[in-house]
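S.K.: Fold the following.
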Amino acid sequence: MSEFAPTFQLSYLAAAIAFFCITAYLPRARPRRIAGALASAAVFTALSAPIDTLAYRVGWWLYPTCAHPPLAIYVGQALIFVGGVALVGWRVQRRFGTRGVASFGAVVCGVGLVRDMTVAALFPRMIRLGAAPVAQLADVGAWAVVVIVALAVTRLVAGPARGDGPRP
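M.R.: This next block holds a predicted model:
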């Protein structure tokens, strides 16, 4: 049985949508900011397969049971991580400015690496990381792309963080 069975895909996607909705509600994002976060998730979804292909070709990571995870997994990951980073990053940028965003980006990259290493250790049939430290540095680079796409695309769609306050 595949690690990405249809029931897992549906459950994961449903949880990702719920997480995104909560992440949009708690910081009181306005519709324009939510649209920006969704656009950033869509852009990253399109980038995910090429990033994974590059990672596979150079030995950074691979999915042992398939060439790529299914689209539902890519969409779920983008909603949780890219959409979530876009919405939380918006509030961080409003409150703490450029230094806050830099610190937030570093935290996201560090937590993302720990998350990926944990998943690879617990579920080796789902994802396998390549040799240290190169694979880990590449993973941090992928997380940096998450942060950049999340904040840049959201800014293009919704404008600067200071120009869009939370809803009442």
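S.K.: so A14 sits in a strand?
M.R.: No: under DSSP: H, G, I helix; E, B strand; the rest coil, A14 sits outside any strand and is assigned helix.
S.K.: That one and A72, how far apart?
M.R.: Here the criterion is C-beta to C-beta, to the nearest Å. By it, A14 lies 10 Å from A72. The way it works is simple: take the backbone N, C-alpha and C, and place the C-beta from them, glycine included.
S.K.: Which phi and psi values does W61 adopt?
M.R.: Note on W61: backbone dihedrals following degrees, to the nearest 10 are phi -160, psi 160.
S.K.: Then the one 3 residues further on?
M.R.: Backbone torsions of P64, given as degrees, to the nearest 10, read phi -60, psi -30.
S.K.: list the contacts for it?
M.R.: 124-128 (C-beta atoms under 8 Å, 6 or more residues apart in numbering).
S.K.: who has more neighbours, A14 and A72?
M.R.: Taking other C-beta atoms under 10 Å, A14 and A72 do not tie; A72 has more neighbours (18 against 12).
S.K.: And the strands in this structure, which stretches?
M.R.: Assigned by DSSP state E, the chain shows strands spanning 61-62, 128-129.
S.K.: which helices and strands sit right next to the last one?
M.R.: I take that to be strand 128-129. With contacts defined as 3 or more C-beta pairs under 8 Å, 6 or more residues apart in numbering; DSSP states H and E, strand 128-129 has these neighbours: strand 61-62, helix 84-122, helix 134-158.
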